[in-house]
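Peer 1: Got a predicted structure plus its sequence, pasted below:
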Amino acid sequence: MRNTRKPLSAVLLLAAAMLAGCAAKEKSPRPAPGSAAARSPQVLLDEGYRALESQHYDDAITRADQVLAAQPHGENAAKALYLKGRGFEAKNAAGVSAEESQANLQAAREAYINALRENPPQPLDAYIRASLGNVAYFQDDYQTAVTQFAAAYENLDRDDLKAWALYRTGLSQQRQGQFEQADKTFAAVQQRHASSVPAQRAREHQGARGYVVQLATFAQPASADKAAASLKQQGVAASRVDGPAGRAYLRVGPVASYKQAQYTRGRFLKQYPDAVIIP
């Protein structure tokens with residue numbers, strides 16, 4: 001299973017930076033952290049989005065807080081809260097612990113929810129909802145993800161954003177066991193966004209009616225057979241599945257629910273740290 005947080009987040013970051021005015025031809029230099037120079041909310045937002053693009057996430061969050069201190073409500077507040085959420089969400093790309101990752105996701109979620117309370121205009125509203133859906137997905141809150149992606153889709157002003165949002169909707173439906181609805185959504189991704197990366201991934205996900213846990217990939221089928229035999233002796237329904245280039249996959253399942261698949265993955269994660277759930 002691919003981690004698709006990064007592609008969608010990267011696209012949202014680029015679009016949001018343009019929306020916030022960071023695409024201006026002339027950019028003022030980013031002052032040193034702690035500078036006492038008085039700057040307008042728009043300048044602070046520009047600095048914040050440039051900090052975000054440069055992976056200075058704490059700087060981006062600081063700029064957002066400075067805007068909110070000056071203008072706690074209104075459109076600039078919504079932009080600042082969105083920037084703050086993007087900062088917390090992006091911090092997860094740096095290999096943080098599971099506990100810190102969940103804390104960052106929750107902080108991002110709260111920032112996005114507060115941003116929506118400021119009644120932002122389109123397409124900012126859609127960007128915020130797409131980001132909220134993205135965070136909800138990685139918090140295993142798939143119903144919220146579906147709701148927010150659906151609310152965002154028509155108002156997103158870029159085809160690549162729409163493709164990722166629709167694809168993630170299908171994944172969220174699949175995680176809830178709504179396999180037929182997910183297949184319809186994946187078909188829509190391929191029809192509406194045929195040449196996109198999400199369309200290719202949607203094809204790979206169609207047709208699932210259950211879940212398996214792929215514990216490991218082996219270069220030699222005999223090694224996979226040996227590992228499967230060992231698991232079977234423990235009462236685990238393990239099997240070898242042949243892949244391309246002579247590789248062999250060690251899989252457990254199928255299981256009926258995604259929660260059960262999560263439990264199975266967690267059970268073997270120490271022994272097989274690269275275990276993933278399919279689909």
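Peer 2: Sure thing, it's come through.
Peer 1: Am I right that Arg240 sits in a strand?
Peer 2: Yes: assigned with DSSP: H, G, I helix; E, B strand; the rest coil, Arg240 falls within a strand.
Peer 1: Now do the contacts for it.
Peer 2: Taking C-beta atoms under 8 Å, 6 or more residues apart in numbering, we find Arg240 in contact with 221, 224-225, 228, 248-251. Bear in mind the C-beta positions are built from the backbone N, C-alpha and C, glycine included.
Peer 1: now do 6 Å
Peer 2: The neighbours of Arg240, taking C-beta atoms under 6 Å, 6 or more residues apart in numbering as the test, are 224-225, 228, 248.
Peer 1: now do Leu81
Peer 2: With C-beta under 6 Å, 6+ apart, Leu81 has these contacts: 111, 114-115.
Peer 1: quick one: the closest residue to it other than its chain neighbours and Gln122, what's the gap?
Peer 2: Spatially, and ignoring its direct neighbours in sequence, Leu81 is nearest to Ala115 (3.6 Å; C-beta to C-beta, 6 or more residues apart in numbering). With distances taken as C-beta to C-beta, to the nearest Å, Ala115 is found 13 Å from Gln122.
Peer 1: So those two - more neighbours on which side?
Peer 2: Higher neighbour count among Ala115 and Gln122: Ala115, with 26 against 12, using other C-beta atoms under 10 Å.
Peer 1: Could you say which helix or strand holds that one?
Peer 2: Here Ala115, judged by DSSP states H and E, is contained in helix 98-116.
Peer 1: Please work out the average pLDDT along that helix.
Peer 2: Mean pLDDT, computed over helix 98-116, is 95.
Peer 1: what packs against it?
Peer 2: Helices and strands touching helix 98-116, by 3 or more C-beta pairs under 6 Å, 6 or more residues apart in numbering; DSSP states H and E, are helix 75-90, helix 124-138.
Peer 1: Dump the ones you listed to a markdown table, plus distance to Arg168 and mean pLDDT.
Peer 2: As requested, the helices and strands packed on helix 98-116 are exported to a markdown table (distance: least, C-beta to C-beta, whole Å; pLDDT from 0 to 100):
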| stretch | distance to Arg168 | mean pLDDT |
| --- | --- | --- |
| helix 75-90 | 14 | 97 |
| helix 124-138 | 6 | 97 |
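Peer 1: And these: which comes nearest Phe268?
Peer 2: Minimum separation from Phe268 across these (C-beta to C-beta) falls at helix 124-138, 21.4 Å.
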